[in-house]
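K.L.:
please work out how this folds:
(one chain, ligands or ions: 5)
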Amino acid sequence: MPINYTLDFTQWVAVQQQRIEQVLDSTLPSASNCPEALHSAMRYSALAGGKRVRALLCYATAELCGTEIQVADAAASAVELIHAYSLVHDDMPCMDDDDLRRGKPSCHKQYDDATALLVGDALQSLAFTVLSKPQLCANSAQQLAMVHLLANASGSQGMAGGQAIDLSAVGQLMSQQGLAQMHRLKTGALIEAAALLGAQNGSPEQVASVKNYAQNIGLAFQVVDDILDTEADTHTLGKTAGKDANNHKPTYVTILGLNQAKALANTLYQAAIDALQPYGKNAQRLHELAIFITQRRF
Ligand code: IPE
Ligand code: IPE
Ligand code: MG
Ligand code: MG
Ligand code: MG
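P.N.:
Ligands and ions are numbered 1, 2, ... in the order given. Model (predicted):
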């Protein structure tokens, strides 16, 4: 993907968001295909909503590293499908029990618990269907490594593992180190995967920088999510504000307090920017995305 300097950041975001929406729309089975209710619920949960930060990161690293557009599309949509599945399950009564997601009733409220469970299962499988598409990459070993990377980032040593720690931490005291580990897994792992999958054609130095950037901005992402849970309102967030306190979750706000949590987000932002230093203007989108992630209001 070539770098397009003619667009400002807002325009670039709009173009990439539209692009990922179209890719997901054509990837998800039609709601008129059997089983209709499941397909309708999958489309309900995966389309028309969300900031698409993971897709944006993937497209930005693809631009930096010259990764082919069809590879970037597959990677970006696969990560967004895993992310959408994680949100559907995260909202279920047995997890965070949240009725609102992306400004709409959560999947299990709009449909029912069993459907939400299956939506998560099916979105996860679809992510791997997309990424394992025959001949997606000229180099099949490289494609297998991409599948491996996303599987690891999603599983018990990635997102799902972080979610397990999150649930077991309810009402518990946690060290800052323990909290960082939980956040790195439940949120950081998929963000890192998005950035690395986009960086497929990068040199070893570029990939190392992207990884360093993504690890810092991935943790910052969840620090900001914790802050917004206490500072933003439900309408702006599109999900229930104050949920962490209601659910007795340890967060950066409960452990450090608001001011120190904000300072940490800033330190992580700075570390992410430092990792891009060798790439100057070529890393402009990643720089802008780091600002977007840490300054966002929802
Ligand atoms: C919310 O992620 C869940 C976390 C991992 C913190 P996002 O804030 O990226 O949610 P959407 O995709 O924009 O709805
Ligand atoms: C969720 O973290 C991380 C996921 C893997 C979905 P949160 O539980 O804080 O996410 P929100 O605030 O409900 O979006
Ligand atoms: Mg949660
Ligand atoms: Mg939640
Ligand atoms: Mg949250």
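K.L.:
for the spatially most central residue of the chain, give its distance to residue 214.
P.N.:
Nearest residue to the geometric centre of the chain (Cα atoms, centre = their mean): residue 54, 4.4 Å. Relative to residue 214, residue 54 is positioned 10 Å away (Cβ to Cβ, to the nearest Å). (C-beta placed from N, C-alpha, C; glycine too.)
K.L.:
before we move on, what about residue 100?
P.N.:
29 Å.
K.L.:
now do the contacts for the residue nearest to the centre of the chain.
P.N.:
Going by Cβ atoms under 8 Å, 6 or more residues apart in numbering, residue 54 touches 76, 79, 80, 83, 190, 191, 194.
K.L.:
out of those, name the ones that lie in helices.
P.N.:
76, 79, 80, 83, 190, 191, 194 (DSSP state H).
K.L.:
what pLDDT does the model give the closest residue to the residue nearest to the centre of the chain other than its chain neighbours?
P.N.:
Leaving aside its sequence neighbours, residue 54 sits nearest to residue 194 (Cβ to Cβ, 6 or more residues apart in numbering; 4.0 Å). Looking at residue 194, its pLDDT reads 98.
K.L.:
related to what we said a few turns ago, just put the contacts of residue 54 in TSV and tack on neighbour count and distance to ligand 4.
P.N.:
Listed next are the contacts of residue 54 as TSV, based on neighbours: other Cβ atoms under 10 Å; distance: Cβ to the ion, whole Å:
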residue	neighbour count	distance to ligand 4
76	27	23
79	30	18
80	28	17
83	24	13
190	25	14
191	27	16
194	30	19
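K.L.:
of those residues, list those near ligand 5.
P.N.:
Among those, no residue sits close to ligand 5 (Cβ under 5 Å from the ion).
K.L.:
who's more crowded, residue 100 and residue 214?
P.N.:
More crowded of residue 100 and residue 214, by other Cβ atoms under 10 Å: residue 214, with 26 against 18.
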